[in-house]
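Asks: below is the sequence, then the predicted model.
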There are 2 protein chains.
Amino acid sequence: MTTDALLVAEWRDLLSRYSKVAHELDRALQAKHGLTMSDYEVLDRIVASDDCKARAADILADLHLSQSALSRAVARMEKCGLVDRSMCVTDRRGVNVTATEQGRALQAEARETQLAVLREFLGAG
Amino acid sequence: MTTDALLVAEWRDLLSRYSKVAHELDRALQAKHGLTMSDYEVLDRIVASDDCKARAADILADLHLSQSALSRAVARMEKCGLVDRSMCVTDRRGVNVTATEQGRALQAEARETQLAVLREFLGAG
DNA sequence: AACTTATATGCATGCGCATTGAATGTCCAC
DNA sequence: GTGGACATTCAATGCGCATGCATATAAGTT
């Protein structure tokens, strides 16, 4: 096998693994908790932060999401009462996103869903 | 680290690798050839088939795409003159997708783009 | 006739890019 | 130093596009 063919094979393997898990995760999180995979990733980062509060820009740096996608994920979750948006005092361009009580509870539930899917599909699948 | 944490770490790693490569691939293929990553995957499978011809259902089995997404990828490429759709003689529900001369040429060019991206971003990145 | 399979399409949704609007930073003439 | 023009950064939004699900249509199967 040429180097190029190996490279493509590696990519297909990565693509295949990712697709399988991502699809299942998205389905399970949506069905059980009404969350997108991205929503969950965002919520997870917020809950993991001090005081369940994080700057939008900081979340973004940690995630593979566009800025607009993050903005909309936060908007969706705010509408569901999972997070609050508040102005950042030290830099009024910035936004602090805080997980509500309900948001923290949902993250805890959703984490179990995530783990269940990962256990089933991540290893061998 | 707990088993659960390891599992999540593994998933994040997979997600991260995939996102980086996929994003670059999508950008490069779109910019240079007007193709989606999925379009390229589909075109690639067709060109790799005998006579550059493949049944839609067979392509689907090999790809992580929904049936509707495949149908639309083929429609897009047909509109650009990259492939032709023809009725399958033995089963008139089926569709044969054939790469045109232009489609084969574009696949060859796009393959170089794909390889360049994979070389740069797949390994260490 | 009832059922299954192959493809296309209406619909709602999430995404990225480009742009906008607002706040902050920078830098230089005075 | 201070004021004001210009660039930069943060987040939200208009827009077009690809996706998946559910369904429609058409063809084969039993």
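Replies: Looks like it arrived, so ask away. Numbers count the residues shown, from 1 in each chain, chains lettered A, B, ... in the order given.
Asks: contact residues of chain A facing DNA strand D?
Replies: A:23, A:27, A:55-57, A:60, A:67-68, A:71-72, A:74-75, A:85, A:88, A:91, A:93-95 (C-beta under 7 Å from any atom of the strand). Heads up, the C-betas are built off the backbone N, CA and C, glycines and all.
Asks: just name whatever secondary elements the longest helix anywhere in chain A is in contact with.
Replies: Determined from DSSP state H, the single longest helix within chain A is helix A:3-33. With contacts taken as 3 or more C-beta pairs under 8 Å, 6 or more residues apart in numbering or on different chains; DSSP states H and E, helix A:3-33 sits against helix A:37-48, helix A:101-121, helix B:3-33, helix B:101-121.
Asks: I'd assumed residue B:117 was in contact with residue A:8.
Replies: No - shown here, residue A:8 and residue B:117 do not form a contact pair, counting by C-beta atoms under 8 Å, at 11.1 Å.
Asks: if you count surrounding residues, which of the two has more?
Replies: For residue A:8 versus residue B:117, neighbours defined as other C-beta atoms under 10 Å in any protein chain shown are more numerous around residue B:117 (21 against 18).
Asks: tell me if I'm right that that one and residue B:21 touch.
Replies: Yes - here residue B:117 lies in contact with residue B:21, judged by C-beta under 8 Å, at a distance of 6.9 Å.
Asks: just to revisit the earlier point, so which of the residues of chain A next to DNA strand D are in strands?
Replies: A:55, A:85, A:95 (DSSP state E).
Asks: residues contacting the spatially most central residue of chain A?
Replies: Against the mean C-alpha coordinate of chain A, by C-alpha atoms, centre = their mean, the closest residue is residue A:41 at 1.5 Å. For residue A:41, the contact set (C-beta atoms under 8 Å, 6 or more residues apart in numbering or on different chains) comprises A:63, A:65.
Asks: returning to what we had before: average model confidence for the longest helix of chain A?
Replies: The average pLDDT for helix A:3-33 rounds to 97.
Asks: near DNA strand C, which residues of chain A?
Replies: So chain A meets DNA strand C at A:36, A:38, A:64-69, A:72-73, A:76, A:91-93 (C-beta under 7 Å from any atom of the strand).
Asks: which among those count as buried?
Replies: Listed as buried from those are A:36, A:38, A:64-65, A:73, A:76; burial here means 16 or more other C-beta atoms under 10 Å in any protein chain shown.
Asks: export the residues you listed as JSON lines, with columns for pLDDT.
Replies: Shown next, in JSON lines, are those (pLDDT from 0 to 100):
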{"residue": "A:36", "pLDDT": "97"}
{"residue": "A:38", "pLDDT": "98"}
{"residue": "A:64", "pLDDT": "95"}
{"residue": "A:65", "pLDDT": "97"}
{"residue": "A:73", "pLDDT": "98"}
{"residue": "A:76", "pLDDT": "98"}
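Asks: nearest to residue A:47, of those?
Replies: Among those, residue A:73 lies closest to residue A:47 (C-beta to C-beta), at 14.1 Å.
Asks: was I right to think that closest one contacts residue A:37?
Replies: No - applying C-beta under 8 Å, one finds residue A:73 not in contact with residue A:37, separated by 10.1 Å.
Asks: CA atoms of stretch A:107-117 as PDB?
Replies: What follows is stretch A:107-117, C-alpha atoms only, in PDB (Å, rounded to 0.1, in the frame of the first residue of the first chain):
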ATOM      1  CA  GLN A 107     -26.000  18.200  32.400                       C
ATOM      2  CA  ALA A 108     -25.800  15.500  35.000                       C
ATOM      3  CA  GLU A 109     -28.500  13.400  33.400                       C
ATOM      4  CA  ALA A 110     -27.100  13.900  29.900                       C
ATOM      5  CA  ARG A 111     -23.600  12.900  31.000                       C
ATOM      6  CA  GLU A 112     -25.000   9.500  31.800                       C
ATOM      7  CA  THR A 113     -26.500   9.300  28.400                       C
ATOM      8  CA  GLN A 114     -23.200  10.400  26.800                       C
ATOM      9  CA  LEU A 115     -21.300   7.800  28.800                       C
ATOM     10  CA  ALA A 116     -23.700   5.100  27.800                       C
ATOM     11  CA  VAL A 117     -23.300   5.900  24.200                       C
END
